[in-house]
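In: Give me a 3D structure for the following:
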Amino acid sequence: MSGEFGITVWGRDWVRLAEPTSVTRPDSRLPKARSLARREQVREVGLAPGVVTSAVEGHRVRITVPQWDAATLETAREKLRGDDLPDAVHADLPGMSEVRADCDCAQRRNPCLHALATFYEVARRLDERPRLAVVLRGLTGHAPARDASRIPLGLIDPDTFYGG
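Out: Below is the predicted model:
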């Protein structure tokens, strides 16, 4: 896995969609997909409960993500600290299964290059704002922190913040 995408466990889930561990040979499309994400060619990205949309090289990508049930969402909501969601919470929540990618391009492989680039872009965004991982799974009506770039020190528990 590349060091610039999937730095948190939340982003790493999306990198694994592009780079599954079950693959026995390298995918020649991955460097191009990472390059597209790195060069900000994944545009018009929309992240909403259950769906990611984007435009890559003139093609429309739609990725559907299964939503969590109310109890799981409540568990995640309780763990949120503004825009941050500690990595330690990841093990207590359902993994990434049944994610489906659709694109209007003519490529036969699924996911296509455009969907792969979108996976990397979503990974980068989740690394920056882990709260979006819960939004994609169905969180609504939970306001983010006023200043998402800062977490008040009083809200940080040093024993659990870094997964300890």
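In: which helices and strands does the longest helix anywhere in the chain pack with?
Out: Taking DSSP state H as the criterion, the chain has its longest helix at helix 113-128. Contacts defined by 3 or more C-beta pairs under 8 Å, 6 or more residues apart in numbering; DSSP states H and E place helix 113-128 against helix 9-18, helix 30-38, strand 42-48, strand 51-56, strand 59-64, strand 100-103, helix 131-136. All C-beta atoms are positioned from the backbone trio N, CA, C, and that covers glycine.
In: for those, which one sits closest to G82?
Out: Closest to G82 of those is helix 131-136 (C-beta to C-beta; 7.4 Å).
In: Pull out the buried positions in that closest one.
Out: For helix 131-136, the buried set under the neighbour-count rule, 16 or more other C-beta atoms under 10 Å, comprises R131, L132, A133, V134, V135, L136.
In: Include distance to E78 when you put those residues into CSV, please.
Out: Listed next are those as CSV, based on distance: C-beta to C-beta, whole Å:
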residue, distance to E78
R131, 13
L132, 17
A133, 15
V134, 11
V135, 15
L136, 18
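In: Between strand 51-56 and the longest helix of the chain, find me the angle.
Out: Relative orientation of helix 113-128 and strand 51-56, computed by axes from the mean of the first three to the mean of the last three C-alpha atoms, to 10 degrees: 120 degrees.
In: what's helix 113-128 in contact with?
Out: The contact list for helix 113-128, computed with C-beta atoms under 8 Å, 6 or more residues apart in numbering, reads 4-8, 10-15, 17-18, 29-30, 32-34, 36-38, 41-42, 45, 47, 52, 54, 56-57, 59, 61, 63, 101-103, 105, 107, 111, 132-133.
In: Name only those of these that count as buried.
Out: Buried members of these, counted by 16+ other C-beta under 10 Å: 5-8, 10-15, 17-18, 29-30, 33-34, 36-38, 41-42, 45, 47, 52, 54, 56, 59, 61, 63, 101, 103, 105, 111, 132-133.
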